[in-house]
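In: When you get a sec, could you give me coordinates for this:
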Amino acid sequence: MIVYQYDKSFDGLLTCIFEAYDRKMFPDILQAEGVPLPLFHEEVIRIITDERKSSRVWKGLEKRLSPAGLSVITSCWLSELPDTDRLLFRYIRKAIDALRPIEINFGDPDVLEATQIAKKVGNERLRVVQFTRFQKTIDGTYFAALEPIYNVLPLVIGHFQNRFADQCWLLYDIKREYGYYHDLSTITEVHFEQKEGHLQSGFLDESIMDQDEKLFQKLWQTYFKAITIKERLNPKLHRQNLPARFWKYLPEKKG
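Out: Have a look, this model is predicted:
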């Protein structure tokens, strides 16, 4: 049993693939550094992440897969589900070794599973785009918090950059404790050593809230009530289209 230990990053996974082909030695287990080894193992190889090697693997995949196939890989990785790296290792190895593209070969269990996971991640991305609500701070920056099931923040940044190009905003994932800040020209990934109240609760304190923010939230709540037709309320369908886990950050649900 051959064990590859690596830093559990995406570039690290691609480096593992590069090393496996280079060494002609494919791992039975992929695990994080420092994790106890399995009782029976033949050899342990520590893989050091190398961007040059990971880039070569990715460029090779670009020649073998369509953009949709590449999206399956990245979306599947962002799912953060257990053993996703093993699944993707097998998927990528098959993509490299196959004589024709594998991405629609749903008879292959790895292709099917990876595609199904990517679809779930894609659905979560759409929900985040639909249900993100920004709050305006006193300095004119717009702040929004979210806690998606999957790590979809990298997948939605392009949408918000295009949609709100003329505004400064901070989109923050409370669950994963990181976010992206847009300063009108560039987007920067941000982490905070000291977390202010809004980075924990997702709501601005009145001391840093724009003076008109509460008014606009009230107007939105009034509009939401006005367009609601009570006779057509369908709570079950409503929860299907708007999962309750998003309600916490929706001002229309507080009115």
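In: just for the stretch 51-200 of the chain, where's the confidence low?
Out: The model of the stretch 51-200 of the chain has no residue with pLDDT under 70.
In: quick one, strands of it?
Out: With DSSP state E, counting those that start in this stretch as the criterion, the stretch 51-200 of the chain has strands at 135-136, 142-146, 169-173, 178-182, 187-190.
In: and the ones you listed as JSON lines, adding distance to R100 and mean neighbour count?
Out: Just so you know, the C-beta spots here come from the backbone N, C-alpha and C atoms, and that holds for glycine as well. Below are the strands of the stretch 51-200 of the chain laid out as JSON lines (distance: least, Cβ to Cβ, whole Å; neighbours: other Cβ atoms under 10 Å):
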{"stretch": "strand 135-136", "distance to R100": "50", "mean neighbour count": "20"}
{"stretch": "strand 142-146", "distance to R100": "39", "mean neighbour count": "22"}
{"stretch": "strand 169-173", "distance to R100": "38", "mean neighbour count": "21"}
{"stretch": "strand 178-182", "distance to R100": "38", "mean neighbour count": "18"}
{"stretch": "strand 187-190", "distance to R100": "37", "mean neighbour count": "12"}
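In: give me the number of residues near E42?
Out: Neighbourhood size, E42 [other Cβ atoms under 10 Å]: 8.
In: Run through who's touching stretch 110-121.
Out: 71-73, 75-76, 78-79, 81, 84, 87-88, 90-91, 94, 102-106, 150, 152, 155 (Cβ atoms under 8 Å, 6 or more residues apart in numbering).
In: Let's see which of those end up in helices.
Out: Applying DSSP state H to the contacts of stretch 110-121, the entries found in helices are 71-73, 75-76, 78, 84, 87-88, 90-91, 94, 155.
In: Would you mind listing which of the residues you listed are buried?
Out: Taking 16 or more other Cβ atoms under 10 Å as the criterion, what is buried in those is 71-73, 75-76, 78, 84, 87-88, 90-91, 94, 155.
In: for the residue lying closest to R93 once chain neighbours are set aside, helix, strand, or coil?
Out: Of all residues not flanking R93 in the chain, I17 sits nearest, at 7.0 Å (Cβ to Cβ, 6 or more residues apart in numbering). Under the three-state scheme (DSSP: H, G, I helix; E, B strand; the rest coil), I17 adopts helix.
In: Next up, the contacts around I17.
Out: Counting by Cβ under 8 Å, 6+ apart, I17 has contacts V57, F89, I92, R93, I96.
In: wait, what's in contact with L14?
Out: Per Cβ under 8 Å, 6+ apart, neighbours of L14: K53, S54, S55, V57, W58, I92.
In: Confirm that it lies within a strand, as I assumed.
Out: No - counting by three-state DSSP, L14 falls outside a strand, being helix.
In: Please report the distance of the residue nearest to R93 from R56.
Out: Distance, I17 to R56, by Cβ to Cβ, to the nearest Å: 10 Å.
In: Quick check: neighbours shared by the two?
Out: By Cβ under 8 Å, 6+ apart, no residue touches both I17 and R56.
In: Distance from stretch 147-156 to the middle of the chain?
Out: 3 Å (Cα atoms, centre = their mean, to the nearest Å).
In: now do stretch 122-138
Out: 13 Å.
In: for stretch 56-71, same thing?
Out: The answer for stretch 56-71 is 19 Å, by Cα atoms, centre = their mean.
In: Over to stretch 221-231?
Out: A distance of 33 Å separates the centroid of the chain from that of stretch 221-231, by Cα atoms, centre = their mean.
In: buried sites along that stretch?
Out: Neighbour count says stretch 221-231 has Q221 buried, by 16+ other Cβ under 10 Å.
In: Please shift the residue numbers so they start at 36 in all later answers.
Out: All set: I'll call the first residue 36, so the last point we hit is now stretch 256-266.
In: Let me see the mean pLDDT of it.
Out: Average pLDDT, stretch 256-266: 86.
In: Just the endpoints, please. Distance across that stretch?
Out: With Cα to Cα, to the nearest Å as the measure, the ends of stretch 256-266 fall 19 Å from one another.
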